[in-house]
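Undergrad: fold the following and give me the result.
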Amino acid sequence: MKKLLLLFLLVCNYSIGQDFSDSWEGFFSFTNIVDIDDSSTAVYAASENAVFIYDLSSRSFTTLTTINGLNGDEISQIHYSEDKALLVIGYQNGLLQIVDQNGDVTDVVAIRDKQVIPPNNKKINEFLESGDLIYIATDFGIAIYNLERLEFDDTYFIGDNGEQLPIASLEIFDGFLYAATLDAASAIRRAPIADPFLIDFANWTLVNPDVWDEVISFNSSLLAVTVGGSLNQFNGASFANNITQFSSRVLDAYATNEFLIFTLNNEIIIYDSSLSQFLNLSLIDGESYLFTQAIVVGDDLFVGTESNGMIRVNLMNQTDFEFIVADGPSRNSAFSIQTLPNELWVTYGSHDLFYTPDDATVGISHFVDDVWINYTNDDINGLISVPTLTINPENGSDLVVHSMNNGLLDFIDGVAGTRYGINNSSLTSILPPSTFFVRIPDGEYDSQGNLWVIQQQVDRALSRRNTSGNWTSFDVGSVFEDVSGGSSTTKIQITNDDKIIFGSTDGGLIGYDPETDRFTRMIDEISQGNLINNYVSAIKIDQQNRLWIGSNIGLRILFNTNSLFSDEIQDARSVIIEDTNGIPRELLQDEAVLDIEVDGNNNKWVATASSGAFLFSPTGRETLFQFTTDNSPLPTNSINDIAIDEETGKVYFATNKGVVAFQGERSSRPEEDLESVRVFPNPVRPGFDGNVTIDGLTDRARVKITDIEGNLVYEAVSQGGTIPWDTRSFSGNKVASGVYLLFISTDDNIETTVSKLMIVR
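TA: Reported below is the predicted structural model:
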């Protein structure tokens, strides 16, 4: 009965994926290729969680990402069905996605969601197409999917007594279906393909012992490879004829009419139709690579690598090669991001909850002019574990790159400059006199051009580099004596009057006033700050000088940031909202807050560790959006960082599975006066269906829009420096062609201005 229930659910459980390309962009890495397949016109390459399609004739790319409806989880296998014009994508969690020639994506979630199969036994290992059916080797057995009807057929549990067996590879040969298992006792098993009762485990017979990675037919022969790398040929009864012993485990086997290709981690071995070795490729242009997959298309070998994308190599002339990689960042694991107008910087060095860093040596990435520039670890002078970088607000090409291991680096115009550590700055090491363990999680410039950085696990955890290049450190131990005993500073913010605020992992929130040379601190005690706890993971000052403080279990707001530096520090407060049942609760209660950003309308964008990204109104009492994997192309609900391009209104989200961007309404910071007010587009021409933007406003400026006869058609108050108008009147209808007057006044009515807007329908 359990088998019948499973079969029924497999037949029925699917959905149609969403396309988010209207308002989202995806920035995914295509350097780690996990699988390759081909059609008569293209090569399909799957990276960790995206696919690029390389057109063989035009040599152009098409990408499939979460923006187009892909899931965002880890891909394990792909297969292109030439007969059905379908791309089948298999995932490590058991999900199947079917992409048709129109780009529509069908999610087949039955395996992924089936509870009787353990979560770690659902990986898709291989596809084998035969007629309308595609046989799927999984970590629990064999599933059969009908590509014509787009539904599951049967599921075979072929272990003894119907137990689940991990199947690595499948092949049909001389009327039998062969299954190579990753179980020594089960070995290779086979059953007559025409047997209508293959669902019965008793109809499967054991062929050979050992543990097997591959079984594949080639030129009227059936071959198999053990996990130990032994290539054997079937003699009609067993795989007893040993052909060769590979130097390491075979990662993949692929056959054409002419060639049999085996991919090992560091070499690719190709046999011709007589099973004579045709090519052994271990170096490309004298360089070694970590290979993942290889196929032959025409006269070319297409090779997947772990970190260099796909490489095309001519079979007859290996000096004829090229790297084929869709444009993207160097990797998916984006830890932090920073924006400039129409630019994005990405860093990859992560740390855990307690700011213990990784040892990543992976460089940084820059997206500018719609092209990715990826800098290697050598390009950034060997910095280890780079969590963040700081952009000089006076010069966007002047960066400081922070390391959680060996100091910081000036990086100017894309070139590494001076690296600072214990010998040429006030920075100190956790273990002096070592030049390593100089851990800098964050930094920021003040309005005078001074660079301030915070350090981990040292008393003098705050340092300043002035505009002359001189360094000074400050003794945080005077206000938080445990700072050198394993604690870490976290994030830094500088106020409009150049006071310093930074968080810590167990010491609460710390402030420093350079004018008075005085430290101050908020902790989780009433009348001493009233934080949720002493772990401060995110801080941001909004346009009303309120300090938003995130922790690993929620959020607090200090309603007057200046009070942190007064004799009587105000207590931070929570935001109380009503849940869907009308019950009052704290905003983001028990949520781990990883980042807080403020847009030009003073709305709050909040990144969480497990619930996606939120957009709150200026006060936080209204949730405008909550983006998750269910309603957006976010590849995961764990958001490491958020950055906003104030020029375009684009909001970027950094995750361990890639970067995506949401095109929000363009908003700008409020101005001091109305001298820079502008309206665009102006005129509004026929066919325009977007919003008219009114920017250059002061905060809470009132805008009244009338027709030429003085009839009021629209009115709004700015929350920041921008107001969008969809050119509809109060009735909800689009206004007619004509000239419209915009009467704009500041909140106190002291300053006013008038603009004109022409609309042509």
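Undergrad: so what's Ile454 up against?
TA: Residues near Ile454 by CB atoms under 8 Å, 6 or more residues apart in numbering: 440-443, 461-463, 489-490, 492, 502. Quick note: C-beta positions are derived from backbone N, CA and C, even for glycine.
Undergrad: roughly how far does it sit from Ser385?
TA: For Ile454, the distance to Ser385 (CB to CB, to the nearest Å) stands at 15 Å.
Undergrad: repeat for Thr693
TA: 41 Å.
Undergrad: who has more neighbours out of those two?
TA: Ser385 (23 against 20; other CB atoms under 10 Å).
Undergrad: and of the contacts of Ile454, the nearest to Gly720?
TA: Of all the contacts of Ile454, Gly720 sits closest to Ile492, with 23.7 Å by CB to CB.
Undergrad: that's a helix at that closest one, yeah?
TA: No - going by DSSP: H, G, I helix; E, B strand; the rest coil, the assignment for Ile492 is strand, not a helix.
Undergrad: and the pLDDT for it?
TA: Ile492 carries a pLDDT value of 98.
Undergrad: the closest residue to it other than its chain neighbours: which element?
TA: Leaving aside its sequence neighbours, Ile492 sits nearest to Phe502 (CB to CB, 6 or more residues apart in numbering; 4.3 Å). Secondary structure from DSSP states H and E places Phe502 in strand 500-504.
Undergrad: partner strands of the helix or strand following that strand, with direction?
TA: Toward the C-terminal end, the helix or strand that comes next after strand 500-504 (DSSP H and E) is strand 509-513. According to DSSP bridges, strand 509-513 forms sheet pairs with strand 500-504 (antiparallel), strand 518-522 (antiparallel).
Undergrad: just the residues contacting strand 509-513, thanks.
TA: Under CB under 8 Å, 6+ apart, the answer for strand 509-513 is 462, 474, 476, 479-480, 489, 499-504, 518-523, 529, 531, 536, 539, 549, 564-565.
Undergrad: OK, contacts around Glu715?
TA: Counted by CB under 8 Å, 6+ apart, Glu715 has contacts 702-705.
Undergrad: which parts of the stretch 301-450 of the chain are helices?
TA: Using DSSP state H, counting those that start in this stretch, no helices are found in the stretch 301-450 of the chain.
Undergrad: can I see the domain layout of this structure?
TA: The chain breaks down into these domains under automatic domain parsing: 588-667, 678-759.
Undergrad: quick one: these as CSV, columns for mean pLDDT and distance to Asn219 too.
TA: CSV is the format used below for those (pLDDT from 0 to 100; distance: least, CB to CB, whole Å):
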stretch, mean pLDDT, distance to Asn219
domain 588-667, 93, 41
domain 678-759, 90, 59
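Undergrad: flag the shaky bits of the stretch 451-600 of the chain, pLDDT-wise.
TA: The model of the stretch 451-600 of the chain has no residue with pLDDT under 70.
Undergrad: which residues in it form strands?
TA: 451-454, 462-465, 471-474, 489-494, 500-504, 509-513, 518-522, 538-541, 547-551, 554-558, 576-578, 584-586, 593-598 (DSSP state E, counting those that start in this stretch).
Undergrad: over to the stretch 651-761 of the chain?
TA: Counting by DSSP E, counting those that start in this stretch, the strands of the stretch 651-761 of the chain are 658-663, 678-680, 692-695, 702-707, 712-717, 722-725, 738-745, 752-759.
Undergrad: tally of neighbours for the residue nearest to Asp695 when sequence neighbours are not counted?
TA: Distance criterion CB to CB, 6+ apart; nearest residue to Asp695, sequence neighbours excluded, is Thr722 at 4.3 Å. Using other CB under 10 Å, Thr722 has 23 other residues around it.
Undergrad: so what's the residue nearest in space to the middle of the chain bridging to?
TA: Nearest to the mean C-alpha position of the chain, counting by CA atoms, centre = their mean, stands Gly658 at 1.8 Å. For Gly658, the beta-bridge partners are Thr655 (DSSP bridges).
Undergrad: wait, it touches Gly72, no?
TA: Yes - if you go by CB atoms under 8 Å, Gly658 and Gly72 touch, sitting 7.4 Å apart.
Undergrad: which residues do these two both contact?
TA: Residues touching both Gly658 and Gly72 by CB under 8 Å, 6+ apart: 49, 66, 635.
Undergrad: nearest to Ile36 among the residues you listed?
TA: Out of these, the member with the shortest distance to Ile36 (by CB to CB) is Asn49, at 15.7 Å.
Undergrad: looks to me like the closest one is in a helix.
TA: No - assigned with three-state DSSP, Asn49 falls outside any helix and is coil.
Undergrad: dump the residue contacts of it.
TA: 28, 65-66, 70-75, 332, 635, 657-658.
Undergrad: please apply the same query to Ser676.
TA: Gly696.
Undergrad: before we move on, what about Val207?
TA: 178, 187-190, 238-239.
Undergrad: one step back: and the strands paired with strand 509-513 as TSV, adding distance to Tyr355 and mean neighbour count?
TA: TSV is the format used below for these (distance: least, CB to CB, whole Å; neighbours: other CB atoms under 10 Å):
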stretch	distance to Tyr355	mean neighbour count
strand 500-504	9	26
strand 518-522	18	20
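Undergrad: tell me which of those strands lies nearest to Leu128.
TA: Using CB to CB, the strands paired with strand 509-513 put strand 500-504 closest to Leu128, at 53.9 Å.
Undergrad: between the closest one and strand 554-558, how many degrees?
TA: 160 degrees (axes from the mean of the first three to the mean of the last three CA atoms, to 10 degrees).
Undergrad: who touches strand 500-504?
TA: So strand 500-504 is contacted by 442, 446, 452, 454, 462, 480, 483, 487-495, 509-514, 534-539, 541, 547, 549, 561, 564 (CB under 8 Å, 6+ apart).
Undergrad: rewinding a little: ok, and the most crowded of the contacts of Glu715?
TA: Busiest of these [other CB under 10 Å] is Ile705, holding 25 neighbours.
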